[in-house]
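Visitor: what's the 3D shape of this:
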Amino acid sequence: MKSESTLSICLSLCFMAALFAFGASDAEKNHSTEMNAVACGDVTSEGDVKVLFPEGSRVARTIRPEGTGFSFAPGRQEYRPLSDDYRVFIDGREAEVRACRESRVPFNRTWPGRQRPLDQSERASYLALEAAGPVAMRVVPKSPVRKAVVRPLSRGIVPEAGKDGISFTCPGPGYYVLETRGAEKALHIFIEPPRDFPGRRGATCCFGPGMHMVGWVRLKSHDRVYVDRDAIVFGCFTGENVEDVKIFGHGVIDGRVCERVFEGCYTPLQPSCVRFHGSRKIEIDGPILMDSPNWALAFFGCEDVSVSHVKVVGQWRYNTDGIDICNSRRVTVGDSFVRSFDDTIAVKGVLPYRDLPVEDVTVERCVLWCGWGKTIEPGVETWASAFRRVRFSDCDIVRSSSSALNISAGGSAVMEDFLFEDIRVEMQTDNLPEVLQESDGQRYDPRGRKSFPMLVKVDNTRYGKEDGPSGHIRNCLFRNVSVFAEEGVPPPQIKVMSLAPQNGAARPFEGVVFERFFMNGMPAEWSSFSFTTNTPVVLR
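Guide: Numbers count the residues shown, from 1 in each chain. As a prediction, the model looks like this:
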């Protein structure tokens with residue numbers, strides 16, 4: 001292994017289990033493994049990166065997963081998870097479209113001791129590129145097009161369908177989704193501004209172009225992990241009681257090689273694509289996080305965290321939340337894309353860290369897609385010494401499942417000083433209803449039902465069996481919320497319910513305010529929404 005990294009690598013039994021799950025041949029399973037990481041101290045340009053990875057040293061293992069569209073070209077020592085569902089042309093040149101796996105139906109269950117079956121998922125696609133300005137694209141789908149839509153709708157992109165494909169222009173860097181058959185087999189488009197990541201010169205571990213099998217990586221203080229845009233790193237990264245750690249670069253961290261073997265999500269013994277416990281001064285900048293064994297990106301008892309330009313995609317397994325911020329302070333998430341098969345961005349207070357606060361959390365300029373549960377959710381676990389000053393702003397919710405904006409005081413904390421501002425929520429008529437699976441033999445059956453996620457839900461329904469005072473909510477402002485509703489969507493639901501008993505009666509929430517809502521670009525009357533509440537709210 002050619003490396004000056006301070007990382008300690010745990011190639012555990014989960015790694016071998018993953019090889020069988022990939023469908024590798026017996027010959028491939030007998031190959032030796034290594035982590036193709038090198039020191040980056042001498043890297044000064046894109047050309048220098050290629051010098052560090054000569055032919056023959058880029059690929060640690062030849063793997064041909066069955067039924068995924070992945071390909072391996074041994075002559076060029078390259079590994080690429082290709083998708084043939086779309087061909088994309090930019091300035092007349094064909095771009096590389098890659099495959100990922102997403103949830104096919106909102107069909108979930110309590111952890112059964114094994115992962116979700118493959119037939120509940122489907123193959124989707126993504127395109128990642130760098131550009132400083134507008135990008136004109138022509139997309140040729142493999143399947144017939146029902147209706148072409150580019151989301152977020154707030155970007156005002158109108159695709160034109162013709163005999164040569166679907167043409168549209170993305171206005172610049174950002175995160176977009178092309179739908180041609182509703183939510184089915186979407187094309188995710190990630191456009192980042194050009195960057196050369198000069199910090200890679202000081203990286204303690206550099207993953208260059210190609211495939212890297214690293215298993216479970218335990219991070220140390222002051223680690224710098226660089227993932228090249230043409231790298232695919234199969235593994236999970238965990239930091240426990242560390243400080244001053246940075247993971248950066250536009251490459252892929254794919255967590256499928258680390259298998260989940262038990263239920264709990266709160267322990268450092270549970271792998272995620274990236275997770276930190278009891279750590280401070282953490283920065284995650286740029287990577288694509290894919291196929292996590294459970295929560296994709298998680299922080300527990302952390303301080304001074306920055307997450308930016310992260311793309312969470314290809315999450316379909318049980319409990320694959322997007323980003324979870326638990327009992328942490330001074331956390332900023334910005335300029336990111338998150339698609340999840342469970343809560344998309346959750347801010348929580350969990351029992352093992354109940355003596356620590358949740359404070360000063362900001363989420364801004366994100367594009368969000370929820371396949372099960374809540375899209376934005378402070379809660380439902382709310383055990384913390386304080387739970388305050390949480391802000392969501394300038395975000396696009398392109399699809400939701402249960403509810404778009406949700407505050408659930410399911411624990412004992414008082415949740416206070418929350419702001420939801422300049423949020424844009426898209427609502428469709430083709431949403432499938434959530435179904436809870438109760439047995440192995442049960443199959444997903446929507447029974448012809450339509451599903452219309454709630455716009456806003458505020459409640460304090462008890463979560464779990466932990467004793468203690470009921471949760472409470474005060475000083476919560478929803479301002480400048482815009483709804484883009486397809487024709488046929490009923491009035492969006494807003495539900496504010498104090499359900500936990502206090503001395504035999506519900507305790508009213510305090511200072512829940514709704515100010516300036518919009519419907520399809522126009523100021524909306526409050527009569528355009530369906531309200532359910534048993535506690536005072538203020539409408540402005």
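
Visitor: C-alpha from now on. contacts and neighbour counts both.
Guide: Will do.

Visitor: Let me know whether Val496 touches Thr535 as I believe.
Guide: Yes - under the criterion of CA atoms under 8 Å, Val496 makes contact with Thr535 at 6.9 Å.

Visitor: The two: which is more packed in?
Guide: Between Val496 and Thr535, counting by other CA atoms under 10 Å, Val496 is the more crowded of the two (22 against 15).

Visitor: Just the buried residues of the host helix or strand of the more buried one, please?
Guide: Assigned by DSSP states H and E, Val496 belongs to strand 493-497. Going by neighbour count (16 or more other CA atoms under 10 Å), the buried part of strand 493-497 is 493-497.

Visitor: which residues touch Glu96?
Guide: By CA atoms under 8 Å, 6 or more residues apart in numbering, the contact set of Glu96 is 82, 88, 127.

Visitor: buried subset of the residues you listed?
Guide: 82, 88, 127.

Visitor: Need the residues you listed in JSON lines (columns: distance to Ser328 and pLDDT).
Guide: Below are those laid out as JSON lines (distance: CA to CA, whole Å; pLDDT from 0 to 100):
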{"residue": "Leu82", "distance to Ser328": "38", "pLDDT": "90"}
{"residue": "Val88", "distance to Ser328": "41", "pLDDT": "96"}
{"residue": "Leu127", "distance to Ser328": "33", "pLDDT": "95"}
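
Visitor: Closest to Gly215 out of the residues you listed?
Guide: Leu82 (22.5 Å; CA to CA).

Visitor: Any figure for the gap between the residue nearest to the closest one when sequence neighbours are not counted and Val88?
Guide: Among residues not flanking Leu82 along the chain, Arg98 sits closest, at 4.2 Å (CA to CA, 6 or more residues apart in numbering). Here the distance between Arg98 and Val88 works out to 11 Å (CA to CA, to the nearest Å).

Visitor: sorry, back to before: show me the contact partners of the strand holding Val496.
Guide: By CA under 8 Å, 6+ apart, the list of residues contacting strand 493-497 reads 453-460, 529-535.

Visitor: Could you list the paired strands of it along with their orientation?
Guide: Taking DSSP bridges as the criterion, strand 493-497 sits next to strand 454-459 (parallel), strand 530-533 (parallel) in its sheet.

Visitor: Other residues contacting the shortest one?
Guide: Under the criterion CA under 8 Å, 6+ apart, residues 491-497 lie in contact with strand 530-533.

Visitor: Who are the packing partners of whatever helix or strand comes next after that strand?
Guide: Counting by DSSP H and E, the next helix or strand C-terminal to strand 530-533 is strand 538-539. The elements that strand 538-539 packs onto, with contact taken as 3 or more CA pairs under 8 Å, 6 or more residues apart in numbering; DSSP states H and E, are strand 510-519.

Visitor: can you map out the helices along this protein?
Guide: Taking DSSP state H as the test, the helices found in the chain are 13-22, 26-29, 46-52.

Visitor: Can I get stretch 231-238 in CSV? Just the C-alpha atoms.
Guide: What follows is stretch 231-238, C-alpha atoms only, in CSV (Å, rounded to 0.1, in the frame of the first residue of the first chain):
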residue,chain,number,x,y,z
ALA,A,231,-12.7,8.1,-7.7
ILE,A,232,-15.2,5.6,-6.2
VAL,A,233,-14.3,4.7,-2.6
PHE,A,234,-16.1,1.6,-1.3
GLY,A,235,-16.2,2.1,2.4
CYS,A,236,-17.6,4.0,5.4
PHE,A,237,-15.8,6.7,7.5
THR,A,238,-16.3,7.1,11.2
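
Visitor: List the buried residues in that stretch.
Guide: 231-238.

Visitor: Go ahead and name everything in contact with it.
Guide: So stretch 231-238 is contacted by 207-219, 227, 251-258, 268, 271-276 (CA under 8 Å, 6+ apart).

Visitor: Could I have the buried ones of those as PyMOL selection syntax?
Guide: Applied in PyMOL, the following selects the buried portion of those according to 16+ other CA under 10 Å:
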select buried, resi 207+208+209+210+211+212+213+214+215+216+217+219+227+251+252+253+254+255+256+257+258+271+272+273+274+275+276
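
Visitor: Strands - which of the contacts of stretch 231-238 land there?
Guide: 207, 210-218, 227, 252-254, 274-276 (DSSP state E).

Visitor: hang on, the earlier thing: return the item of the contacts of strand 530-533 having minimum pLDDT.
Guide: On pLDDT alone, Met497 ranks lowest of the contacts of strand 530-533, at 94.

Visitor: Kindly state the pLDDT recorded for Glu259?
Guide: 89.

Visitor: With the one 5 residues further on instead?
Guide: According to the prediction, Gly264 has pLDDT 91.

Visitor: what's the neighbour count on Phe197?
Guide: For Phe197, using other CA under 10 Å, the count is 16.

Visitor: got a list of contacts for stretch 417-429?
Guide: Outside stretch 417-429, the residues that reach it (CA under 8 Å, 6+ apart) are 153-154, 388-400, 404, 450-453, 455, 474-489.

Visitor: Tell me where the stretch 101-250 of the chain is predicted with low confidence.
Guide: Within the stretch 101-250 of the chain, no stretch has pLDDT under 70.

Visitor: Lys457 is in contact with Ser402, correct?
Guide: No - if you go by CA under 8 Å, Ser402 and Lys457 don't touch, sitting 9.6 Å apart.

Visitor: my read: Asp85 touches Val139, true?
Guide: No - counting by CA under 8 Å, Asp85 does not reach Val139; the two are 10.2 Å apart.
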